[in-house]
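A.B. asks: Any chance you could fold what I've pasted below:
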Amino acid sequence: MSRIPRIIIAGTHSGVGKTTIVTGLLATIKERGLTVQSYKVGPDYIDPGYHQLASGKVAHNLDTWLVPTDKIVPIFSKTAIGNDIVIVEGVMGLYDGGRKGISSTAAIAKLLKAPVILVIDAKSMGESAAAIALGYKMYDPEVNLAGVIINRLGSKSHQKMVTEALERIGIPVLGAIYRNEALTMPERHLGLTPVTEHNPADMIATLSKQIAEQVDIGQLIALSQNAPTLDSNVGPTPSALSVTNVRIGVAQDEAFSFYYPESLTILENMGAEIVPFSPLKDAHLPKVDGLLFGGGFPEMFVQELACNHSMRQSIYEACQQDMPVYAECGGFMYLTQKIIDFDGKHYDMVGAIPATCSMQAKLQTVGYVEATALSENILCEKGDCLRGHEFHFSLMNMDESTEQFPWAFSFKKVRTGASHLSGYAHGNILASYLHIHFAGHEQTASRFIGKCSKFKQGKL
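C.D. replies: Below is the predicted model:
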């Protein structure tokens, strides 16, 4: 059993300012000379980037759909032990998640036995903020709602009105933050803009100063220290496979940045060497035995990707040589023939998949899915079911007929039960809009490394 000082910052709903507040907290706590580790509930890739910039540490995701519930606490304990304080940012509203509350902030809070601080957007609201806080506290008595942070206050009288109402019902106010439009984080079609594409350091510094002045950091730290002990049994580390120097090239740059740190750690623990490369800036692939393309924003860099002819040719040749290639969402788009951007302009991509991806004005889909493999592929056997997540604005159009196209998966939406075909699986290429976590599917990581090892041996 270990004592891990921890706190969860939740919200009443999306857009209340959770990421802004957590980023400011991380920065100001780090400035005090304390070690702070952060986490994000749910499958989000972008918010952890802001966490990392503020704290100086890689942020981790906690998601009970992508990763089995019994692995959440071990992963958390392994990465949290030894820090002065741990801050977990929630997802959407406190009780929101997948179907029946899957991977909600409340569910994670109960797993981690962590006190919850609720962020309330008080703009255009007075004493009603207290009624909202009381409702959230009473909805599930097993959730330890230990206090609130009031955000977007307009004046001292506004603050007094709200805080006095909360004091009457015995809910502590740990912060009263005034509106500051200068601290708004940049957004676009998938939410916040990743930190890899701009430099928010000045904004974070200003934010840190405001949070330090308007949040009771000492009370927040004391509350985190009162969290009960947590089982620190991290469980067995995945065994390294009988492989020798298998190198997996991982596309990592401004266009491809969506990776779960623990997911890549699973590959390393199994004996793979992760070799980062940039489809945007590098001329050729490094010497590797397999390729992994994560999601990201290739649509925002289509001209640069298209102009890097040598890299596109290098990847195409690797695909033609039957190198194992696994691609998710943005990586999937990059491997197709073309990407058509929001303005309808066509840009040549790698061309390994006989399809085109076109950007749409509206979000096409978001949510958890079950993906059933329609054939044997580099991650799984035919009929295997993977738990994943999809979130994209693009649509894929095949160059072949629907009947002839080598679909990878049948996707079933968890929330609605609706099914559709998705992705591409042919030879040693597997690509789709699916995002998975290797900590939730260690057998797929093992199979992928095995395919890379077999490819390497075939070259010797």
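A.B. asks: Pull the contacting residues for the nearest residue to Ile120 once chain neighbours are set aside.
C.D. replies: Of all residues not flanking Ile120 in the chain, Ala129 sits nearest, at 5.0 Å (CB to CB, 6 or more residues apart in numbering). To be clear about C-beta, it is placed using only N, CA and C from the backbone, and glycine gets the same treatment. Taking CB atoms under 8 Å, 6 or more residues apart in numbering, we find Ala129 in contact with 120, 122, 148, 150, 162, 165-166.
A.B. asks: By neighbours, which of those wins?
C.D. replies: Among these, Val148 has the most neighbours (other CB atoms under 10 Å), with 29 neighbours.
A.B. asks: Identify the residues contacting that one.
C.D. replies: 117-120, 129, 133, 166, 171-174.
A.B. asks: if you set the cut-off to 10 Å instead, what comes out?
C.D. replies: 10, 12, 116-120, 122, 129-130, 132-133, 136-137, 162-163, 166, 171-176 (CB atoms under 10 Å, 6 or more residues apart in numbering).
A.B. asks: And the helices in the stretch 51-200 of the chain?
C.D. replies: Counting by DSSP state H, counting those that start in this stretch, the stretch 51-200 of the chain has helices at residues 69-80, 105-112, 128-139, 156-168.
A.B. asks: How about the first one, which residues are buried there?
C.D. replies: Pointing back at helix 69-80 there. Neighbour counts over helix 69-80 (16 or more other CB atoms under 10 Å) mark 71-80 as buried.
A.B. asks: What pLDDT is listed against the closest residue to Asn144 other than its chain neighbours?
C.D. replies: With CB to CB, 6+ apart as the criterion, Asn144 has its nearest non-adjacent residue at 4.8 Å, and that residue is Pro115. For Pro115, the model assigns a pLDDT of 98.
A.B. asks: ok, now Ala240?
C.D. replies: Looking at Ala240, its pLDDT is 60.
A.B. asks: about what we covered before: does the residue nearest to Asn144 really touch Ile85, like I thought?
C.D. replies: No - between Pro115 and Ile85 there is no contact under CB atoms under 10 Å: 11.9 Å.
A.B. asks: how is this protein carved up into domains?
C.D. replies: According to automatic domain parsing, the chain comprises the domains 6-225, 246-459.
A.B. asks: Next, format those as CSV and append distance to Asp231.
C.D. replies: Output for the domains of the chain, formatted as CSV (distance: least, CB to CB, whole Å):
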stretch, distance to Asp231
domain 6-225, 6
domain 246-459, 17
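A.B. asks: Near Asp84, how many other residues are there?
C.D. replies: Around Asp84 there are 16 residues (other CB under 10 Å).
A.B. asks: can you give me the end-to-end distance of stretch 83-98?
C.D. replies: By CA to CA, to the nearest Å, the extent of stretch 83-98 from end to end equals 30 Å.
A.B. asks: how about Gln404, what does it touch?
C.D. replies: Neighbouring residues of Gln404 by CB under 10 Å, 6+ apart: 354, 398.
A.B. asks: Strands along the stretch 251-400 of the chain, start to end?
C.D. replies: Along the stretch 251-400 of the chain, the stretches classed as strands by DSSP state E, counting those that start in this stretch are 256-258, 272-277, 290-293, 295-296, 325-328, 336-340, 346-348, 353-359, 365-373, 385-392, 394-398.
A.B. asks: could I get these as CSV with mean neighbour count and mean pLDDT?
C.D. replies: Below are those laid out as CSV (neighbours: other CB atoms under 10 Å; pLDDT from 0 to 100):
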stretch, mean neighbour count, mean pLDDT
strand 256-258, 24, 95
strand 272-277, 18, 97
strand 290-293, 26, 98
strand 295-296, 28, 94
strand 325-328, 26, 98
strand 336-340, 21, 97
strand 346-348, 15, 97
strand 353-359, 21, 95
strand 365-373, 19, 94
strand 385-392, 21, 95
strand 394-398, 17, 89
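A.B. asks: Show me the one of the ones you listed that comes nearest Val67.
C.D. replies: Of all the strands of the stretch 251-400 of the chain, strand 385-392 sits nearest to Val67, with 8.6 Å by CB to CB.
A.B. asks: in terms of contact, does Ile9 touch Ile120 like I think?
C.D. replies: No - look at Ile9 against Ile120 with CB under 10 Å: they stay out of range, at 11.8 Å.
A.B. asks: sorry, back to before: out of the buried residues of helix 69-80, flag the one nearest to Gly423.
C.D. replies: The nearest one, if we look at the buried residues of helix 69-80 relative to Gly423 and count by CB to CB, is Lys71, at 25.4 Å.
A.B. asks: circling back to that earlier point, residues contacting the residue nearest to Asn144?
C.D. replies: Taking CB under 10 Å, 6+ apart as the test, what Pro115 contacts is 6-8, 109, 143-147, 220, 223-224, 226-228.
A.B. asks: Can you tell me which of the residues you listed are buried?
C.D. replies: Burial by neighbour count, judged by 16+ other CB under 10 Å, picks out 6-8, 109, 143-147, 220, 223-224, 227 from those.
A.B. asks: out of those residues, what pair is the most spread apart?
C.D. replies: Maximum distance among the buried ones among the contacts of Pro115 (CB to CB): 17.6 Å, for Val143 and Leu220.
A.B. asks: returning to that earlier point: mind putting the strands of the stretch 251-400 of the chain in CSV, distance to Lys412 included?
C.D. replies: Shown next, in CSV, are the strands of the stretch 251-400 of the chain (distance: least, CB to CB, whole Å):
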stretch, distance to Lys412
strand 256-258, 22
strand 272-277, 30
strand 290-293, 24
strand 295-296, 20
strand 325-328, 18
strand 336-340, 24
strand 346-348, 32
strand 353-359, 22
strand 365-373, 5
strand 385-392, 9
strand 394-398, 18
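A.B. asks: coming back round to it: kindly indicate which of the buried ones among the contacts of Pro115 lies nearest Glu370.
C.D. replies: Nearest to Glu370 among those is Ala109, at 25.5 Å by CB to CB.
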